[in-house]
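Student: Kindly return the folded structure for what I paste below:
(one chain, ligands or ions: 2)
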Amino acid sequence: MNRAKAFSAASPTSPLASITIPRRDPTERDVEIEVLFCGLCHSDVHMVRNEWSDAMATVYPIVPGHEIVGRVTRVGSGVGTHEPGDLVGVGCLVDSDRACDACKAGLEQFCANVTLTYGSPDKHLGGVTYGGYSDCVVVDEHFVLRMPETLDPAGAAPLLCAGITTYSPLRHWGAGPGKKVGVIGLGGLGHMAVKLADAFGAHVVVFTTSVGKKDDALRLGADEVVVSRNANEMQKHLGSFDFILDTVSAVHDVNAYLNLLRVDGALTLVGAPPKPLAVSAFSLIMGRRSLSGSSIGGIAETQEMLDFCGEHGITADVEIIPIQAVNDAYERLLKSDVKYRFSIDMASLRTEQPEQSAAIGAKVG
Ligand code: NAP
Ligand code: ZN
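Tutor: Residues are numbered from 1 along each chain as shown. Ligands and ions are numbered 1, 2, ... in the order given. Next up is the predicted model:
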């Protein structure tokens, strides 16, 4: 057993602070990774503040982070896919049962026994899993992705969540040439959705509440930008979309967007507001429209997305921060004040001398 440096929150109202955490010695199937960069996802904020308590209550201390890029330092004797020195990635998943229908279909994210990168029961050490706001992670080789060496690692880290979460539904719903695709919210997920839908050849329309993001949306690959608070601009697109991807993190009026779908059009939620959204039956009945959701993506599809991004030179637009700026970054994220993802440089952990230490095998639940 090893100890790693990390940043954790002790309660929903505590700031993140320096801590040491246990990391297991690699088993024969494990890969040990020195974390170089970890993206800051809005889900980290929801979880740290226990905003999803109805669906998945947070266990404290929480070490967030599921957009991890790093270098392999050690591998177990049975590992055939990675070796020391490789640039690798870890997303939201670190284990699953690999026996159920979802796992067999490559949809590990829907496995009933999935282990999330942070906050899930830790089968090896007890307690819960600790995420990527840390200098080291140890992960089963099946859940370790190959990172294209051509991509900047700081900008590539957000691909592990924001990238796959938008790639998967865009592919599933056939975003491509001849399709009119909307993206609601130009944040971490939204800006990746724009880059990917543009690369797939779709006609991309961004819906934003931030007038100041208009030029950026066009630069990122949008063909049109709609300021969603402007009813006239919204009206022009009534009944015209094949697909809309909703990445908004807060409660909003989804009916305003359902009404923009054409007959048989589909709107997929990836944003996960803490409170329920109200849906008018008429928004769906009129036009046989569909409303669905999507969660990250399976491991094979995540590798496919990384390879696609490698071939097309696609990364997130990031602001690199030291871990010591993470609490300020959370506040800025809540004000949509980041273009368009924070990426934490984990070398900044080296100067920390944590006084707190997380217990091993702490009780879960
Ligand atoms: P983010 O960077 O904060 O982006 C969210 C964007 O939503 C903001 O930039 C803003 O865009 C818009 N927005 C925020 N508040 C709004 C409001 N009150 N009304 C309308 N629009 C608003 O967050 P993110 O990291 O992209 O994550 C987005 C959501 O997806 C979060 O809820 C996160 O937990 C969830 N998520 C889900 C999955 C999954 O697997 N389904 C994976 C990762 C994240 P504009 O300024 O352009 O309006
Ligand atoms: Zn995420």
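Student: Which strands or helices does the helix ranked longest in the chain pack on?
Tutor: In the chain, ranked by residue count with DSSP state H as the criterion, the top helix is helix 299-312. Applying 3 or more CB pairs under 8 Å, 6 or more residues apart in numbering; DSSP states H and E, one finds that helix 299-312 contacts strand 145-146, helix 162-172. Any C-beta I mention is one placed from the backbone N, CA and C, and that applies to glycine too.
Student: List the contacts of that helix.
Tutor: Applying CB atoms under 8 Å, 6 or more residues apart in numbering, the contact partners of helix 299-312 are 89, 91, 93, 106, 108, 142-143, 145-148, 150-151, 156, 159-160, 163-164, 167-168, 171, 199, 296-297, 314-315.
Student: That one and ligand 1 in contact?
Tutor: No - on the criterion CB under 6 Å from any ligand atom, helix 299-312 is out of touch with ligand 1, staying 11.6 Å away.
Student: Mind checking what secondary structure residue 292 has?
Tutor: Under DSSP: H, G, I helix; E, B strand; the rest coil, the three-state class of residue 292 is strand.
Student: Is there a neighbour count for it? I'd like the number.
Tutor: Around residue 292 there are 11 other residues, counting by other CB atoms under 10 Å.
Student: My guess is it contacts residue 265. True?
Tutor: No - under the criterion of CB atoms under 8 Å, residue 292 is not in contact with residue 265, lying 11.5 Å apart.
Student: Nearest to ligand 2: which residue in the stretch 151-300 of the chain?
Tutor: Residue nearest to ligand 2 within the stretch 151-300 of the chain: residue 161 (3.2 Å; CB to the ion).
Student: tell me the contacts of the spatially most central residue of the chain?
Tutor: Against the mean C-alpha coordinate of the chain, by CA atoms, centre = their mean, the closest residue is residue 161 at 2.6 Å. Residues in contact with residue 161 (CB under 8 Å, 6+ apart) are 39, 41, 43, 66, 67, 91, 92, 296.
Student: Next: residue 79.
Tutor: Neighbours of residue 79 in contact, by CB under 8 Å, 6+ apart: 28, 29, 30, 31, 141.
Student: circling back to that earlier point, for the residue nearest to the centre of the chain, give me the backbone phi and psi.
Tutor: Main-chain torsions, residue 161, degrees, to the nearest 10: phi -130, psi -60.
Student: re the thing from before, ok, and of the contacts of residue 161, which contact ligand 1?
Tutor: 41, 43, 296.
Student: Assign residue 342 to one of the three secondary structure states.
Tutor: Under three-state DSSP, residue 342 comes out as strand.
Student: Beta-bridge partners for it, please?
Tutor: residue 40, residue 319 (DSSP bridges).
Student: Next, work out how far apart it and residue 187 are.
Tutor: 11 Å (CB to CB, to the nearest Å).
Student: Report the distance from the host helix or strand of residue 31 to the chain centre.
Tutor: Counting by DSSP states H and E, the element that carries residue 31 is strand 30-40. Chain-centre distance of strand 30-40: 15 Å, with CA atoms, centre = their mean, to the nearest Å.
Student: and whatever helix or strand comes next after that strand, is it in reach of ligand 2?
Tutor: Later in the chain than strand 30-40, the nearest helix or strand by DSSP H and E is helix 42-48. Yes - counting by CB under 5 Å from the ion, contacts between helix 42-48 and ligand 2 involve residue 43.
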